[in-house]
Structures are given as structure tokens and as C-alpha cells.
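A.B. asks: Next come a sequence and a model predicted from it.
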Amino acid sequence: MGWQPVLLAGSERICPFVAASLFETQLRSFNAAHFPALSEIKSAFPKADLSAKKEKYASVITSLVTEFNQRFQDFSVIEKQIKLFSTPFLVDAEEVEESLQLELIEMQCDDSLKSQHQLLSLPDFYQSLDHAKFPLMRRHAKRMMSLFGSTYICEQTFSLLNQNKSRLRSRMTDSHLCEVLRVSTTKLSPDIPAILQSKGHIYLNPFI
């Protein structure tokens, strides 16, 4: 059973981004409570007209808020599932899927598991659960972790695509791009000396 690093443990990790809406409102009203640099400028130049700059940065924050709303609009749908994954000992068993209720209750009644949950990372905690006693909770955890991991991989690959297929590389074909992305995203390290030797070439180490 593969366990990927958890990129997001729950929707609470998105809460800092919600503050962007607050920043937008305060910036448009010239409230510099959370903008120390702006506060210094206002104090140093009380008669300066900063309205143009205010609108410029407020528009940037507006775009940021819109972007986050689009990217995380699905979190409200799976919020309970995320909370079950990240804080299983604080969730009411009546609020989760019926298939998980008995396993969750048994988990919450086990003091040793509570201690493990506090000491271990989430991937290690769920990996330590007994396969026979908590098969559904383990499957739920795996689904939650792979959800965020796969999203990150897609974003990473798309960024690499934009970097490699620029207007300055007009001779790159789809086949070449596929090969470049495969090399860019793999975690395998090629054995350059062995590859060159198989092709009849001599590898000269530049660091010797």
C-alpha cells in the first residue's frame, strides 16, 4: 500500500487564503492595519495621492481571491471527509458514512491509537493501523492522500509543459515534449555511464 506525502491535511489549511478577502476590503478603504509598508508610506507622505497604487494592488488581491475560489470550490463538498481524515478522534461518528462508523468508534475508544495519532504523522499513523480491524479507514485515508498528491503532480507537470514548450522552441514536436516531460517528472536517476557504454561511447567524468 503506497503512502504519499500529505500536501494538505484539511480544509483548515486554506483558511489563511480566506484572509485575502479581508485584505481586499481593507485595502480599498485604505485601512493599513495589515499592511505595515503602506502604513509607513502614508505616515511619511500624508499628502501623497496613492489612489492609483491602491486600485492596482486591490485588483491583484481580487484576482487572487477569484483564483482561490475557483480552485477550492469543491472543498465544501468533501469537507467532512477531510476532517475525518485529519482529525478522526474529534469527529462525531454519526456525521460520517455508515460504512465507516463502527471502525471510527473502535478507533476513538482505543487510547493507544490516540497517542499514536498525536505522535506520528498522518501517513505513518494510518499505515500503522491494523489491516484487519480498520480496512475501510485505511482506504479512506489513502483516498484522501492520493487526492492532494495527484493534484500536485498535475500542477507540476503543467508548469513544466509551459516552461519547455515556449515560442522560442518552435522545432519541438509533441514526441519530443512527451520525452522531456517524462525526464522532468521522473524520480529515477539515469545511469549516464552505463547508457553511454551501451551505445559504444566513452564517458569522461568532468569532475575528475
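C.D. replies: Here it is on my side, so go on. Numbering: from 1, shown residues only.

A.B. asks: three-state assignment of the residue of the chain positioned farthest from its centre?
C.D. replies: Centroid-distance maximum for the chain: Gly200 at 44.2 Å, with C-alpha atoms, centre = their mean. Following DSSP: H, G, I helix; E, B strand; the rest coil, we place Gly200 in the coil state.

A.B. asks: how close does it get to Asp191?
C.D. replies: To Asp191, Gly200 is 16 Å away according to C-beta to C-beta, to the nearest Å. To be clear about C-beta, it is placed using only N, CA and C from the backbone, and glycine gets the same treatment.

A.B. asks: which residues does the residue farthest from the centre of the chain contact?
C.D. replies: Contact analysis of Gly200 by C-beta atoms under 8 Å, 6 or more residues apart in numbering lists nothing.

A.B. asks: what does the average pLDDT come to for the longest helix along the chain?
C.D. replies: With secondary structure taken from DSSP state H, the chain has its longest helix at helix 135-164. Averaging pLDDT along helix 135-164 gives 81.

A.B. asks: Enumerate the positions of the helix or strand following that helix that are buried.
C.D. replies: Where DSSP states H and E defines the elements, the next helix or strand beyond helix 135-164 is helix 174-185. Going by neighbour count (16 or more other C-beta atoms under 10 Å), the buried part of helix 174-185 is Val180, Leu181.

A.B. asks: on contacts alone, who are the packing partners of helix 174-185?
C.D. replies: Contact analysis of helix 174-185 by 3 or more C-beta pairs under 8 Å, 6 or more residues apart in numbering; DSSP states H and E lists helix 135-164 as its packing neighbours.

A.B. asks: Hmm, Glu94 and Gln101 touching each other?
C.D. replies: Yes: counting by C-beta atoms under 8 Å, Glu94 is a contact partner of Gln101 at 7.5 Å.

A.B. asks: With neighbour numbers in mind, choose between those two.
C.D. replies: Neighbour totals were compared for Gln101 and Glu94, and Gln101 leads with 15 against 7 (other C-beta atoms under 10 Å).

A.B. asks: Please give the element, helix or strand, for the more buried one.
C.D. replies: Short version, using DSSP H and E: Gln101 is in helix 98-108.

A.B. asks: where does Gln108 land on pLDDT?
C.D. replies: At Gln108, pLDDT is 96.

A.B. asks: Repeat that for the one 3 residues further on.
C.D. replies: The pLDDT attached to Asp111 in the predicted structure is 95.

A.B. asks: now stretch 19-36, how far from the chain's geometric center?
C.D. replies: 26 Å (C-alpha atoms, centre = their mean, to the nearest Å).

A.B. asks: For it, measure first residue to last.
C.D. replies: Separation of the first and last residues of stretch 19-36 by C-alpha to C-alpha, to the nearest Å is 16 Å.
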